[in-house]
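Novice: here you go, sequence then predicted model.
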Amino acid sequence: MSDLLSLFLLAFDESDDRSRSWTDLSDLSSLLLQVLRKFRAHETNLLIATSIVEEGVDIPKCNLVVRFDLPTEYRSYVQSKGRARAPISNYIMLADTDKIKSFEEDLKTYKAIEKV
């Protein structure tokens, strides 16, 4: 574990007053850009992020993507799975036991769409 160099990338809802009291949004934006720059430059090799990196953010090829929440739609599934595009990579989705059955149907649909 001594080889892990981690940073966190979080998103905040701009309409949420709690986000504004945490820090000025321009400072937050600057921090997010700094975290991404360090990850792209390999100054860090572990990025822990919210759904902010699902779409529209350039992330280098990753060899491991772990989702701590299940995707609720195909777009979300494809975007997060697409981050695990290194030659040897893994995409893992963690789920609560009570959500597995219902998600299995969604996953079948997602995989069928991928084949098209």
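Specialist: Noted; the coordinates are in hand.
Novice: can you give me the helices for the chain?
Specialist: In the chain, the segments counted as helices under DSSP state H are 17-22, 25-40, 74-81, 97-115.
Novice: which of those sits most buried?
Specialist: Of all the helices of the chain, helix 74-81 has the most neighbours on average by mean count of other Cβ atoms under 10 Å, namely a mean of 17. C-betas here are computed from N, CA, C, even on glycine.
Novice: need the residues that contact that helix.
Specialist: With contacts defined as Cβ atoms under 8 Å, 6 or more residues apart in numbering, helix 74-81 is touched by 51, 54-55, 65, 67, 71, 91, 107, 109-110, 113-114.
Novice: now do that helix and helix 97-115, the angle between them.
Specialist: Angular relation of helix 74-81 and helix 97-115 on a 0 to 180 degree scale: 90 degrees, by axes from the mean of the first three to the mean of the last three Cα atoms, to 10 degrees.
Novice: mind giving me TSV with the contacts of helix 74-81 and columns for distance to T97?
Specialist: Converted to TSV, the contacts of helix 74-81 look like this (distance: Cβ to Cβ, whole Å):
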residue	distance to T97
S51	23
E54	25
E55	29
V65	22
R67	16
P71	18
Y91	20
L107	16
T109	21
Y110	20
I113	26
E114	26
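Novice: quick one: which of these is nearest E43?
Specialist: V65 (19.7 Å; Cβ to Cβ).
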